[in-house]
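Participant: Just to be clear, the model below is a prediction. Sequence and coordinates:
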Amino acid sequence: MADFTHLLRAKNFDELVGQEHLSAKSAPLRMLCEKFALGHSFFYGPAGTGKTSIAHIIAKVMELPFYECNATSLKIDQLRKIFEQYKNTLQKPLIFIDEVHRLAKNQQEVLLPVMENNSVLVIGASTENPFFSLTSAIRSRSMLFELKNISNESLAKLLDRAIKYASLELDEDAREYLIVSSGGDARAMLKLLEFASNLDTTITLMILKSLRPNALQTGSSESGVHYDLISALIKSIRGSDENAAIYYLARLIEGGESADFIARRLVILASEDVGNANPQALTLTTSCLTSISKIGYPEARIILAQAVIYLCASPKSNSSYLAINAALKAVKDGVLLNIPKSITQQNEGYLYPHDFGGYVKQQYLGEDLRFVELKNIGYEEKMLKWLQSLHH
């Protein structure tokens, strides 16, 4: 069985698809390589976007021996043997480490001296931003490059190359499905084509869907995507875009996110962003949280969708969020007022509001401080007018 991913791997920067900001003739990365001046570098981005291919290209352009490792199985003795082999030579090797964010601290410490004296070139790759897991000493000696999902246009170019190479035939529906369902992952597209080609040289949509029934997406368990998706959901609800919010909810669900986590974030949003503009939002989202804990997927998706749409359609106010933050800041800044004796346990001079029809003016705060700024939005407008009628 032909390995399309290996056989069609870009052999130079011009063949690399989808990462023009790194591969173009004017791109800093390419210029540094061609000047033999590239330093230790780390690449991060989604799976199947060319990180390993770029490492191979760098080794070829800079004429360096290539050693490929994976941080999950890398042994320190393995590194030391490579260092020793090139210890007294004029040539330095390129050590490529995949899953570099998983490097243990002792592995990083072994790399540090050779990175410092530049006796090797260290290239790392990860689907996560590795700078959060690398020591400051490693970070200060390295450059960071981000790769993006490959566009459908670039995937189409790579697909045409693969079809020509393997002498395959595709109908239009199959071609579109190969590109669109791969989610910007070139390796996933080539693997699906590879498996399909072992069934028939004429690739149909039916064959492809029998091998991959659903479109790929990046799982939300990957930390960067996890936070990006939940952030997109929250911001879409805050912006009252119900269609965007439902889409990101679907991405989270399909990515394996727990219903409990999503529901908890909706409860927080109900207070932070809807607040008293619609007090029922907190009740509904709390009910959502309770319900999904009893029910679970797949039915929990409906309950979450109801809550998301309700929040999108609710008037928004962050006055409670702003008020408590302002009050906390005042306390932290040393604004510590004496409590008027009338409202302490002594009750000295306390006026019981119910004896005066529900409200009576008296001092509750030692100074005239203002933290709460209610807005003319939804139910909060009624609250504002009622308080104004009492205080004026």
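Facilitator: Now that the structure is in, tell me what you want to look at.

Participant: Check which helices and strands the lowest-mean-pLDDT helix or strand in the chain sits against.
Facilitator: Lowest by mean pLDDT, DSSP states H and E among the helices and strands of the chain is helix 4-7, with a mean of 80. When contacts are defined as 3 or more Cβ pairs under 8 Å, 6 or more residues apart in numbering; DSSP states H and E, helix 4-7 packs onto helix 152-166, helix 186-197. (Each C-beta comes from the backbone N, C-alpha and C, glycine too.)

Participant: quick one: average pLDDT of the helix or strand that that helix is followed by?
Facilitator: Sequence-wise, the next helix or strand beyond helix 4-7 is helix 20-23, with elements assigned using DSSP states H and E. In this model, helix 20-23 carries a mean pLDDT of 93.

Participant: cool, stretch 50-67 as well?
Facilitator: In this model, stretch 50-67 carries a mean pLDDT of 95.

Participant: Now that stretch: buried residues?
Facilitator: 50-59, 61-62, 64, 67 (16 or more other Cβ atoms under 10 Å).

Participant: Return the residues in contact with residue 191.
Facilitator: Residues in contact with residue 191 (Cβ atoms under 8 Å, 6 or more residues apart in numbering) are 4, 5.

Participant: I meant residue 78, not that one.
Facilitator: If a contact means Cβ under 8 Å, 6+ apart, then residue 78 has residue 69 as its contacts.

Participant: SS state for it?
Facilitator: Three states are possible here, and by DSSP: H, G, I helix; E, B strand; the rest coil the one that applies to residue 78 is helix.

Participant: Residue 70 versus that one, what's the distance?
Facilitator: With distances defined as Cβ to Cβ, to the nearest Å, the gap from residue 78 to residue 70 amounts to 11 Å.

Participant: Put together CSV for the helices and strands packed on helix 4-7, with mean pLDDT and distance to residue 361 on each row.
Facilitator: Output for those, formatted as CSV (pLDDT from 0 to 100; distance: least, Cβ to Cβ, whole Å):
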stretch, mean pLDDT, distance to residue 361
helix 152-166, 90, 67
helix 186-197, 91, 69
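
Participant: Turn those helices into CSV, including distance to residue 116.
Facilitator: CSV is the format used below for the helices and strands packed on helix 4-7 (distance: least, Cβ to Cβ, whole Å):
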stretch, distance to residue 116
helix 152-166, 38
helix 186-197, 34
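
Participant: among those, which is the most enclosed?
Facilitator: Per-stretch averages of neighbours, counted by mean count of other Cβ atoms under 10 Å, single out helix 186-197 among the helices and strands packed on helix 4-7, with a mean of 21.

Participant: between that one and helix 152-166, how big is the angle?
Facilitator: 40 degrees (axes from the mean of the first three to the mean of the last three Cα atoms, to 10 degrees).
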